[in-house]
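**Student:** Predicted coordinates and the sequence they were generated for:
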Amino acid sequence: MADWQLTLTPGLRRRATGLLQQQQAQAGWHGQLPVLLLERCWLQLRVVPVQELAVQLPPDSSGDAPELSRFRQLREQGIDSLSAQEQCWQDFGREACSEALQRFWRAQDQGNHGWTLERYLQLLNHYRQSIEREGPKPVPLLVLARAGSADCHQLQWCWPSVQSIGHTCP
C-alpha cells in the first residue's frame, strides 16, 4: 500500500482513488485539476481546484517582498547591512521597508507550517510536468499540519499504481 493510502481512512481512500481514476482521463494542464487537502484532526478530505489552492491555503510570500529581496541582493554583493538598509530606504521608502520587515516577522511568529511561496510554486511546477508527460497522472495530497504545531504540511503524490514518490516536505 502506498504512503498516501496509509494516511487515509478506508472511506477517504475510496474517494481519493475515484478522483485518481478520473485524473487519468485528463488531457492536459488546466485550473480545475484537483488538489487534495487532508485535515487529519477532523479526518476531512477537501478537493480544491489547483487554480484555487493559493486562496484556500495561502502560501507565505512575506520573505519574497521586493524590499527584503533587494536587501539580500545588496548583502550578497558585499554591501554592509547599514548601507544596504539605507539603499533600500532610498529605493522603496523607509515605511515600506519597515512594513515588509514587520510582515515577514509576523509570518515567522505565526508560522505557516512551511507552506511558502517557493513550495507552492514547486508543487505547481511538478504537477504540471506530471500532467503533461505520458503515463500515469498523480494527484497531490497535502496533509495539513495540526494547528498550533511547528510541523510543516506534508506533500504526498497519489499515483494510480504502486509507484509513489512519497513525502517532499523539507
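**Tutor:** Received it, and whenever you're ready, just let me know what you need.

**Student:** Name the helix or strand for the spatially most central residue of the chain, please.
**Tutor:** For the chain, Tyr120 is the residue whose C-alpha lies nearest the centre (C-alpha atoms, centre = their mean; 3.0 Å). Per DSSP states H and E, Tyr120 falls inside helix 117-132.

**Student:** how about that helix: buried residues?
**Tutor:** For helix 117-132, a neighbour-count test (16 or more other C-beta atoms under 10 Å) marks Arg119, Tyr120, Leu123, Leu124, His126, Tyr127, Ser130, Ile131 as buried. The way it works is simple: take the backbone N, C-alpha and C, and place the C-beta from them, glycine included.

**Student:** before we move on, the earlier item: now that we're looking at the residue nearest to the residue nearest to the centre of the chain when sequence neighbours are not counted, what pLDDT does it have?
**Tutor:** Distances taken as C-beta to C-beta, 6 or more residues apart in numbering put Pro59 closest to Tyr120, at 3.9 Å, once the chain neighbours are dropped. pLDDT recorded at Pro59 is 89.

**Student:** do the same with Pro170
**Tutor:** 42.
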